[in-house]
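[1] Got a predicted model here, sequence first, then my questions.
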Amino acid sequence: MVGGGIAGLVAARDLAKAGLRVSLVESRPQFGGAVGSHMVAESVFDSGAESFATRTPDVAALIDELGLTDRVCTPNQAGSWVYLPDGARPGERSGVLGIPGDLSSDALRQTLGRLGWWRAKQDLKRPARIGSQATTVGELVRARMGSAVVDKLVAPFTLGVHSLHPDDLDVDAVAPGLKQALREKGSLVAAAASLRAATPAGQNVASLRGGMNVLAEALVRDLTRRGVKLVAGYDVLALDRDPRRDGWMVVQRQPEAGDKTAIARGELLVMAADGTSAIRLLSGADPEFSHLQPDPSPRVALATLVVDCPALDSAPRGTGVLVSPAVTDVRAKAMTHASAKWEWVRDALPEGRHVVRLSYGRGGGTDAQPAPELELSDDQLVRLALRDASRLLGVPIEPQDLVDADVVRWEQALSRPSAGHPERVIKVREGVSRLPSAIAVGAWLAGTGLAAVVADTRAQVAALLASRGVHPAPD
Ligand SMILES: Cc1cc2nc3c(=O)[nH]c(=O)nc-3n(C[C@H](O)[C@H](O)[C@H](O)COP(=O)(O)OP(=O)(O)OC[C@H]3O[C@@H](n4cnc5c(N)ncnc54)[C@H](O)[C@@H]3O)c2cc1C
């Protein structure tokens, strides 16, 4: 198996449960991929994913199997805010992706302005076919509700969550069922409300006390107990068919040991690396894959600040702030007020101390087009984050209030579900199904987020096992 992010760990577990001998190779020193941890001010926090969507039961079921259910926690209900060129306002919570599922609130009318609000309401009068053929989120929302909704509500959301502008996001990839709901309900407002209503009442995300990194750690412990061979710090360089055993062969390189290489052999192949690496490796087995390279991942830098600032006790911006791309006085694209959002974070800190996490990489910076903030050194980024946090929270935070800080940079960890992505996924899956005894899993195929990755990985492994007449044993 190649890649020890959540997809790889979950796949390894289900294969081991079915009685197979499993080896999992991960290029980084730690397992977990985008679900990781870091230490700031002597406390451990999530360095990547910090919650999971509860719209499907799959992550909760996995957590239960690992004996972690008593750690499940939900965020503060205060909700997040949005920072627009004319200031901060409570965020939109009635729909999905920032698309409102209700246009009646005064706050929304104020956010959109009189003209923007009037244009948004045209959605209720327009025939359902308008926008129903749109490819991107931006195209759909603009056609139904106008530019103000795209710029003031949807762009801050998609840039904060997916690191991509609505015009670069495939609507079927990030909101499956939304266009179908538009056709059925007759308006985008009603469609967004119906998708929102399909999530369990009150909550749409949850986490674990200690953070989502606890899930990755528990998976690694479980795999060790099941005898899975866990190989960290090795890059898989190439893979090929093994003519001797009618199986697979992978070439591994250990950069830490002067690029020492080794070959591992196995009957089945699970490709759980990120999209760019997976396509590069699969192209070795079948050159046709080289045409299916996903668009480059957006690069993101996260600056976590621990500050002594009692003025933040009242959580002035709820659980955090999403930033409109039209804003010029703040460079962050989103900020989480972690100690206001999660009780376990607040409980881990002395009185008056707070944790905020700011993310940078507006425009989905890539190697070809890096966002300027991503070029800053860690120290420069921390200084910028302090200034941005003060503006976003509406509370002055001085350099002397800073207790500790850390910067984490993610380069290949987010997939880019741009226009045409779902068609590419279908082609990749068809290509993989033609390879003998192989599957490919991970967010670049399943969709970003732990809920999508866990559900899809388990379904792919179950299908692989079923095709070989093997059934996973119960826990
Ligand atoms: C900053 C950030 C915040 C996020 N927040 C959330 C959140 O709050 N909630 C949520 O649900 N989702 C969140 N996500 C998304 C979620 O974390 C991912 O969708 C999910 O973790 C992806 O898992 P994966 O196993 O598919 O990929 P990855 O985690 O990217 O794992 C792939 C692994 O393959 C390894 N690899 C690559 N190439 C090779 C090679 N050649 N040889 C060996 N190993 C290789 C990589 O090192 C990596 O560990 C966030 C993502 C990021 C980056």
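    Looks like it arrived, so ask away.
[2] ok, now which ones touch the residue of the stretch 101-250 of the chain found nearest the ligand?
    For the stretch 101-250 of the chain and the ligand, the shortest gap (C-beta to the nearest ligand atom) falls at Val236, measuring 3.6 Å. The C-beta positions use only the backbone N, C-alpha and C, and glycine is treated the same way. With contacts defined as C-beta atoms under 8 Å, 6 or more residues apart in numbering, Val236 is in contact with 2, 25, 27, 250-252, 273, 277, 281.
[3] Kindly write the ChimeraX command that selects the buried subset of the residues you listed.
    Buried residues within the contacts of Val236, by 16 or more other C-beta atoms under 10 Å, are selected in ChimeraX with:
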select :2,25,27,250,251,252,273,277,281
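[4] my guess is the residue of the stretch 101-250 of the chain closest to the ligand is in a strand, correct?
    Yes: counting by DSSP: H, G, I helix; E, B strand; the rest coil, Val236 is found in a strand.
[5] Identify the bridge partners of it.
    Gln252 (DSSP bridges).
[6] got a markdown table for the contacts of Val236, with secondary structure and distance to Ala334 too?
    Converted to a markdown table, these look like this (DSSP: H, G, I helix; E, B strand; the rest coil; distance: C-beta to C-beta, whole Å):
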| residue | secondary structure | distance to Ala334 |
| --- | --- | --- |
| Val2 | strand | 31 |
| Val25 | strand | 33 |
| Ser27 | coil | 28 |
| Val250 | strand | 37 |
| Val251 | strand | 39 |
| Gln252 | strand | 37 |
| Ala273 | coil | 27 |
| Ser277 | helix | 26 |
| Leu281 | helix | 32 |
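[7] What about the ligand: which of the contacts of Val236 touch it?
    2, 25, 27, 273, 277 (C-beta under 6 Å from any ligand atom).
[8] The first one contacts Asp274, correct?
    No: the pair Val2 and Asp274 does not pass the contact test of C-beta atoms under 8 Å, sitting 10.4 Å apart.
[9] Would you map out the domains in the protein?
    Domain assignment for the chain by automatic domain parsing gives 6-73+207-295+416-467, 81-197, 300-410.
[10] TSV for those domains, including mean pLDDT?
    Listed next are the domains of the chain as TSV, based on pLDDT from 0 to 100:
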stretch	mean pLDDT
domain 6-73+207-295+416-467	93
domain 81-197	92
domain 300-410	93
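[11] how about the residues of the stretch 251-400 of the chain that lie near the ligand?
    272-274, 277, 300, 302.
[12] For those, please prepare JSON lines with the additional fields distance to Pro100.
    JSON lines is the format used below for these (distance: C-beta to C-beta, whole Å):
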{"residue": "Ala272", "distance to Pro100": "37"}
{"residue": "Ala273", "distance to Pro100": "38"}
{"residue": "Asp274", "distance to Pro100": "34"}
{"residue": "Ser277", "distance to Pro100": "38"}
{"residue": "Val300", "distance to Pro100": "27"}
{"residue": "Leu302", "distance to Pro100": "28"}
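[13] Looking at those residues, which one is closest to Val327?
    Of all these, Val327 sits closest to Val300, with 17.9 Å by C-beta to C-beta.
[14] How many neighbouring residues does the closest residue to that closest one other than its chain neighbours have?
    Of all residues not flanking Val300 in the chain, Gly361 sits nearest, at 4.3 Å (C-beta to C-beta, 6 or more residues apart in numbering). When neighbours are defined as other C-beta atoms under 10 Å, Gly361 has 24 of them.
[15] pretty sure Gly361 is touching Arg299, no?
    Yes: using C-beta under 8 Å, Gly361 and Arg299 qualify as a contacting pair, with a distance of 5.3 Å.
[16] Mutual contacts of those two, please.
    371, 374.
[17] Any idea how many residues pack against the residue lying closest to Ser37 once chain neighbours are set aside?
    Residue nearest to Ser37 in three dimensions, not counting chain neighbours: Asn213, with 3.7 Å by C-beta to C-beta, 6+ apart. Asn213 has 22 neighbours, counted by other C-beta under 10 Å.
[18] Kindly report the same for the one 10 residues further on.
    Neighbours of Leu223 under the rule other C-beta under 10 Å: 22.
[19] need the contact list for it.
    9, 12-13, 16, 22, 24, 230.
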